[in-house]
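Visitor: Turn this into a model:
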Amino acid sequence: MGMVGGGPGAFIGNVHRMAAALDGQIELVCGAFSSDPARSKEAGRSLYLDSSRVYGDFEEMIRKESALPSDQRMDFVSIVTPNHVHFHPAKSALINGFDVVCDKPLSFSLGEAEDLVKVVEKSGRIFCLTHNYTGYPMVRQAKAMVKAGAIGKIRKVVAEYPQGWLSTFLEGSGQKQAGWRTDPSKSGKAGCIGDIGTHAENLAEFITGLEIETLAADLTTFVAGRKLDDDGSILLRFKGGAKGILFASQISVGEENNLRIRVYGEKGGLEWFQAEPNTLLVKHPDRPIEIYRAGGNHRYLAPEALDATRLPGGHPEGYLEAFANLYREFANVCQKRNAGEKYEVTFPTVQDGLRGMKFIEAVVKSSEENAAWVTI
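Guide: Numbering: from 1, shown residues only. Prediction:
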């Protein structure tokens, strides 16, 4: 793996490095860790990398890695930068023959996303978008149960992602993570909705297998001086007739990363909460709630959930393991592709990223038109 971003002061870069390394199939061998060459070198030293493979920018990394013998160069690029530095490293890696793992959202703008889909298709490379919540065992269990018809035809989906960390003008203090997320020149046209609303959108479509067709959105910027939305309430209509509600907020004081989803069908309901990720609640009209628990020894779980489970029941599996499941699946697909074997893609792809960017575009448009219904 070669990495773009994730240098000093970054949060998500360390998460990607830990997740990629967890299964022993991926090794970090090079990187361009910062737009500042000196800081990139500093990051490389802290990671004990060969100094000759720590680069000043991603163009240099891709150019020099491409010149190495095939058994020595990096195999893929992991992009862990702010949104405005997703497209160009991804495009360059793909056209130079490298597979890509990219943090979400896919790109800075919908136009970039549409271009990137074409580049992926033309290149024939593997592209993984790290909507990491799809890697949790109980999320996979929920998806399998919906697909099997366990709760009947879907009627209602409620997805919420409240945080409280931006309830004040934190970006004014120079805090790096707050700074770029609230800057339209780096984040894009959405703040809260682009950062965490897309996670709720992706999870709703991943579990139900349904696509959001139209939406009506009300975005607000509550904190004075902030340039992008920090709260949003959205009504959803899915293809096939299901209705939904999506709520994302970064000014909900006291909330952490409280992603929750509830799915209601004609025969039952499901509920999953990221703060208690090993548990899936299964609800029935005529008997008590069932509690499904993650665990490799729980044979009642669907094969998809067991494949994402690493430990026996009672041992917590969380954020890093879910992230690692995507990296492991990505590595397995690349290995099978290289060996000429058939493979199945179970992780989010560039197409899911395009869905997310279309969602952002529709939400912003709807809010600008006083919560008018907008088609994705």
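Visitor: wait, what's in contact with the residue most central in space within the chain?
Guide: Nearest to the mean C-alpha position of the chain, by C-alpha atoms, centre = their mean, lies His131 at 1.9 Å. His131 makes contacts with Lys104, Thr198, His199, Asn202, Leu203, Phe206, Pro348, Asp352, as judged by C-beta atoms under 8 Å, 6 or more residues apart in numbering. All C-beta spots, glycine's among them, are computed from the backbone N, C-alpha and C.
Visitor: Could you dump these into TSV and include pLDDT, secondary structure and neighbour count?
Guide: Shown next, in TSV, are the contacts of His131 (pLDDT from 0 to 100; DSSP: H, G, I helix; E, B strand; the rest coil; neighbours: other C-beta atoms under 10 Å):
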residue	pLDDT	secondary structure	neighbour count
Lys104	96	coil	23
Thr198	98	helix	25
His199	98	helix	22
Asn202	98	helix	23
Leu203	98	helix	26
Phe206	98	helix	20
Pro348	97	coil	26
Asp352	98	helix	21
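Visitor: got a pLDDT number for the residue lying farthest from the centre of the chain?
Guide: Largest separation from the mean C-alpha position in the chain: Asp286, at 36.3 Å (C-alpha atoms, centre = their mean). Reported pLDDT at Asp286 in the predicted model: 96.
Visitor: For it, what is the enclosing helix or strand?
Guide: Per DSSP states H and E: Asp286 is located in neither a helix nor a strand.
Visitor: Now render the contacts of His131 as JSON lines, adding distance to Ser40.
Guide: Putting the contacts of His131 into JSON lines (distance: C-beta to C-beta, whole Å) gives the following:
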{"residue": "Lys104", "distance to Ser40": "23"}
{"residue": "Thr198", "distance to Ser40": "28"}
{"residue": "His199", "distance to Ser40": "29"}
{"residue": "Asn202", "distance to Ser40": "31"}
{"residue": "Leu203", "distance to Ser40": "34"}
{"residue": "Phe206", "distance to Ser40": "34"}
{"residue": "Pro348", "distance to Ser40": "28"}
{"residue": "Asp352", "distance to Ser40": "30"}
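Visitor: in the stretch 251-376 of the chain, which spans are strands?
Guide: 260-265, 269-273, 279-283, 290-293, 374-375 (DSSP state E, counting those that start in this stretch).
Visitor: Turn the ones you listed into TSV, columns for distance to Ala93.
Guide: Formatted as TSV, the strands of the stretch 251-376 of the chain follow (distance: least, C-beta to C-beta, whole Å):
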stretch	distance to Ala93
strand 260-265	32
strand 269-273	33
strand 279-283	36
strand 290-293	39
strand 374-375	33
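Visitor: In JSON lines: these, plus mean pLDDT.
Guide: Output for those, formatted as JSON lines (pLDDT from 0 to 100):
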{"stretch": "strand 260-265", "mean pLDDT": "98"}
{"stretch": "strand 269-273", "mean pLDDT": "98"}
{"stretch": "strand 279-283", "mean pLDDT": "98"}
{"stretch": "strand 290-293", "mean pLDDT": "98"}
{"stretch": "strand 374-375", "mean pLDDT": "98"}
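Visitor: could those be laid out in TSV, adding mean neighbour count and distance to Thr182?
Guide: What follows is the strands of the stretch 251-376 of the chain, written out as TSV (neighbours: other C-beta atoms under 10 Å; distance: least, C-beta to C-beta, whole Å):
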stretch	mean neighbour count	distance to Thr182
strand 260-265	22	24
strand 269-273	20	27
strand 279-283	18	33
strand 290-293	14	38
strand 374-375	15	24
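Visitor: For Pro162, which of those strands is the nearest?
Guide: Across those, Pro162 has its closest neighbour in strand 260-265 (8.7 Å, C-beta to C-beta).
Visitor: Just checking: what are the partner strands of that closest one?
Guide: strand 154-162 (antiparallel), strand 269-273 (antiparallel) (DSSP bridges).
Visitor: In CSV: the ones you listed, plus distance to Tyr136.
Guide: CSV is the format used below for the strands paired with strand 260-265 (distance: least, C-beta to C-beta, whole Å):
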stretch, distance to Tyr136
strand 154-162, 14
strand 269-273, 8
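Visitor: Quickly name whichever of the contacts of His131 is closest to Gly152.
Guide: For these, the residue nearest Gly152 by C-beta to C-beta is Phe206; the value is 18.8 Å.
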